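Asker: here is a sequence together with a model predicted from it:
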Amino acid sequence: MSFASQLLQYTLSGITIGSIYALVAIGFNIIYNSTGIINLAQGDFVMLGGMIAVFFHNTLHFPLVASGPIAALIVALIGILFERFAIHPLKNASVITLVIITIAASILFKGGAMFLWGKDAYSLPSFSGDEPIRFLGATILPQTIWIICVLLFIVAALVCFFRYTMVGRAMKACSYNKRAANIVGINVNNMVMLSFGLSALIGGIAGVIITPISLIEYEKGSLLGLKGFGAAVFGGLGNMGGAVAAGILIGLLESYSAGLLSSGYKDAVALIILLLVLFFRPGGIFARKEVQKLKHY
Amino acid sequence: MKKYLTTSFSKSAYVFTGAVILMAIVRNPYHVGILVFLGMNIIITIGLSLLMGYAGQISLGQAAFFGIGAYTTGILTTKLGLPVAVSFPLSILLTISVAFVIGIPTLRLRGHYLAMATLGLGEIVHIVFNELIPLTGGPSGFGNIPLIRIFGIELDNDYKYFIFVWAIVAIVLFLSLNIINSRVGRALKAIHKEEQTASTLGVNTSRLKLSVFVLSSGFAALAGFLYAHYVTFLSPGTFSLGFSILLVTMVAVGGMENIWGALIGTTVLTLLPEYLRFFKDFDILIYGIILISIMILRPEGLYGIKIPGFLLPRSKKGDNE
Amino acid sequence: MNNGSDTILAAKAVTKRFGGLVAVSDLSLDVRHGSITAIIGPNGAGKTTLFNLISGLIRPDSGTIFFKGERIDTKRPWEIPYLGISRTFQNLRVFHNMNIIENVMTGRYTHSSGGILSCAARLGAARREEQKIREKALYWMKFMNIDGIGAKKLKEVPFETQRIVEITRAVAAEPELVLLDEPAAGLNITETKNLIDTIYRIREIGTTVLIVEHDIDLIMEISDHIIVLDFGKKIADGTAKQVRNDRKVIAVYLGEEYGKQ
Ligand SMILES: Nc1ncnc2c1ncn2[C@@H]1O[C@H](COP(=O)(O)OP(=O)(O)O)[C@@H](O)[C@H]1O
Ligand SMILES: [Mg+2]
């Protein structure tokens, strides 16, 4: 393989994993926008999506087309239950309590997954075979195309949802100003619950589509969550477009550093970016100075 | 005047005496070993309690400082053959220097951001332990770390080590109780409630938060040092994200707003999985259930729950008055 | 507007904006050493904002503030109390995670110096310092007539007492200038009388008092000097008598009735 095609190969795998980070980052943003909470269990939604799909397909022998959506919906339900039982009852909780609650949920999800499926790693078959497609000397797995298409579809769907549907607009209104939204008759409570459901749904979908190319196990969520958070911060917390761009950028950097430098330190790349952004531009790379000042970090 | 010295001092002495009596009752070396680990965990969580409960700052990277302390002394004594007396101060010094340097930018962040930044830092350190193979032995780790010799006594069994570790627990507790009942402790509590108000009283809040962060990293390094020379073998698995989270869980379960809460939470969560064997594989699930139930039903933690009052080290009047 | 030695605090052309809103607008004022000076004005006039500017919690967009001739508007909030300024807050900011004497003891922070390590070891000096802090806290609690409740938690005492605790915390810092933001809010007549007495006694020990208050009778009674703000601007500045008869003040704040008295 020539250097150019090798580079292309790294680029493709970077976009693939970056798409997953982007989905996780979008999940962070949805909950952050409606509640100001950073959900440390976000990565575990991804893990649960993969695990549940594996359960339906490999254990119950459901067809893949059914297992995937069912898994994503179950994760959405888990997200809603989490909000109802753990977040909703806590009125006026301190930030530290909220952080710990989402940590608790994360531990609970991991523990539940380990309880049900043990410590083994599982996989799903690819959606449309494993026959690689040759492309300018590099190879693309069909699953990669699926992943990119799903990301594009979700972004498009979210744009439409927030722009054209009543519920989407109501959620957006809540993220700008809760009090005002309440006054015009929006049920802020329901919107918060919905945002957890939606965010979990997206996490679940990410889990379903990544499992065919990357084994899934109960602990997989932590690092995915952390890197997805890196993407969310990098792109400016709450900013959807930024999340997608930053997710893919982090995926690319990680893939290049794995290929060209050292594979062992590839996980550190996203984390170092996260720290640098947090330290020097906590509003994200796309934010203007004034915007940065208004927020509390 | 004497009263204040004797309270912190006597409380720490009670804890030490209680531990020794417990050891005499337990006897079985395996169980004594678990209590040694309990002591180490308590050293870390006391520091974390100062940071979380008093200064109101969260750290999800405490396992990293524990690890830096352990690896530093381990590497210095095995690879360079330095005596423990030299590696001890160096391991603490290196850890608190790292904490100082990363603490400056990190502690400008609040709440969730601080949580994620410390989480990221912890993970990076974990990766370095795995990848810096010539020094750390990589994922499989390295062993043959020498034992500690103190006043001519080699700490070569669980009982001796138990006494040593719990003496240090008592010292750390004594120091921390002193801090809490001092101008610095009050300033910390003020920061926890109202950072801005604290600053109008003359508290340089960022500097004080940094001090406590560094102090808590020092306690974690101390525990790391003790761990390295007890287990005599180190591998990265011990210093994972999971352990950082467990430490925060211990403090939160026991009760963040009080240092005794850290002791209670640490004791419960260290002993629970050991004595309830059948939980062994599901310990994570149990932790999750305990933590989430406590945060929902009793966010102030176990400390101060009425029923087993005689079991809890109640703070006496002289403590705060 | 001079900068003579009897001026303890001077603001010069201070402006503070929040977005489009001008909370304090081109404001200049002098506070005389040893006086009781009041800032009055309708809600939203910028009184609290002025206090926040003086105590360094926010910075002016333009203009300067001097305390005893030293420029303070560029200082960090925690440096201000070391110069001799302490304050209370309109929305009562006491620490519910400490008992009452500890709350007062936080007021002694600037008069003590033990760092985290010396506090941890609590050897001779730190122990003596802690003892001193406690004695002083007790002294000031006695001065404010709240001795004997030190061991109580804040929630065990009524709101008025919590207010007094906050003032005690400010006074315990032994400041040269104390800023009181609506100290009489929520107090009944007797409590207000006690407060007035306390303010006089604070002044007697040489502390300059700058007070924001809506209770006009209280202000008229105790103030040597009154500054009236409206929409961030100073509309009057003088003795109680001068202000009371000022047409603009009557129009925007006091109302016709008060002017006739
Ligand atoms: N931090 C802030 N951000 C935005 N606006 C503020 C802020 N603080 C005060 N204001 C505004 O400035 C104006 C003056 O407020 P303030 O100084 O509190 O008035 P006062 O104490 O005289 O009642 C008000 O309109 C208030 O809404
Ligand atoms: Mg006001």
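Answerer: Okay, I see it. Ligands and ions are numbered 1, 2, ... in the order given.
Asker: so C:Ile227: helix, strand or coil?
Answerer: strand (DSSP: H, G, I helix; E, B strand; the rest coil).
Asker: give the contact list for it.
Answerer: Applying C-beta atoms under 8 Å, 6 or more residues apart in numbering or on different chains, we find C:Ile227 in contact with C:Leu29, C:Thr37, C:Ala38, C:Ile39, C:Ile40, C:Lys234, C:Ala236, C:Asp237. Where you see a C-beta, it was placed from the backbone N, CA and C, and this is true even at glycine.
Asker: which stretches in the stretch 51-200 of chain A count as helices?
Answerer: Ranges of helices in the stretch 51-200 of chain A, per DSSP state H, counting those that start in this stretch, are A:64-82, A:95-117, A:142-164, A:166-176, A:178-183, A:188-210.
Asker: report the longest helix in the chain, please.
Answerer: Since no chain was named, I'll use chain A. In chain A, assigned by DSSP state H, the helix with the most residues is helix A:3-35.
Asker: not what I meant, chain C
Answerer: Counting residues, the longest helix in chain C under DSSP H turns out to be helix C:124-143.
Asker: may I see the buried residues of that one?
Answerer: For helix C:124-143, burial by neighbour count (16 or more other C-beta atoms under 10 Å in any protein chain shown) applies to C:Ala126, C:Arg127, C:Glu129, C:Glu130, C:Ile133, C:Arg134, C:Lys136, C:Ala137, C:Leu138, C:Trp140, C:Met141, C:Phe143.
Asker: am I right that the fifth one is in contact with C:Met105?
Answerer: What that stands for is C:Ile133. Yes: between C:Ile133 and C:Met105 there is a contact under C-beta atoms under 8 Å: 5.2 Å.
Asker: so where's chain C shaky on pLDDT?
Answerer: C:1-5, C:254-261 (pLDDT under 70).
Asker: in it, which residue is most central in space?
Answerer: Chain C has C:Leu179 as the residue nearest its centroid, 1.3 Å off, counting by C-alpha atoms, centre = their mean.
Asker: returning to that earlier point: of the contacts of C:Ile227, which belong to helices?
Answerer: The helices, defined by DSSP H, take in nothing from the contacts of C:Ile227.
Asker: tell me which of these fall in strands.
Answerer: In strands, defined here by DSSP state E, the members of those are C:Leu29, C:Thr37, C:Ala38, C:Ile39, C:Ile40, C:Lys234, C:Ala236, C:Asp237.
Asker: closest to ligand 1 out of those?
Answerer: When these are ranked by distance to ligand 1 (C-beta to the nearest ligand atom), C:Ile39 comes first, at 8.1 Å.
Asker: OK, contacts around the closest one?
Answerer: C:Lys47, C:Leu50, C:Leu210, C:Ile211, C:Val212, C:Ile226, C:Ile227, C:Val228, C:Leu229.
Asker: element containing the second one, please.
Answerer: Which is C:Leu50. Secondary structure assigned from DSSP states H and E places C:Leu50 in helix C:47-54.
Asker: returning to that earlier point: name the helices or strands packed onto the longest helix of chain C?
Answerer: Helix C:124-143 is packed against helix B:2-26, helix B:183-193, helix C:100-106, helix C:116-121, helix C:159-172, with contacts defined by 3 or more C-beta pairs under 8 Å, 6 or more residues apart in numbering or on different chains; DSSP states H and E.
Asker: quick one: A:Phe55 from B:Glu257, how far?
Answerer: Separation of A:Phe55 from B:Glu257 (C-beta to C-beta, to the nearest Å) stands at 42 Å.
Asker: excluding chain neighbours, what is closest to B:Asn42?
Answerer: In this structure residue B:42 is Ile, not Asn. Using C-beta to C-beta, 6 or more residues apart in numbering or on different chains and skipping the chain neighbours, the partner closest in space to B:Ile42 is B:Thr266 (5.0 Å).
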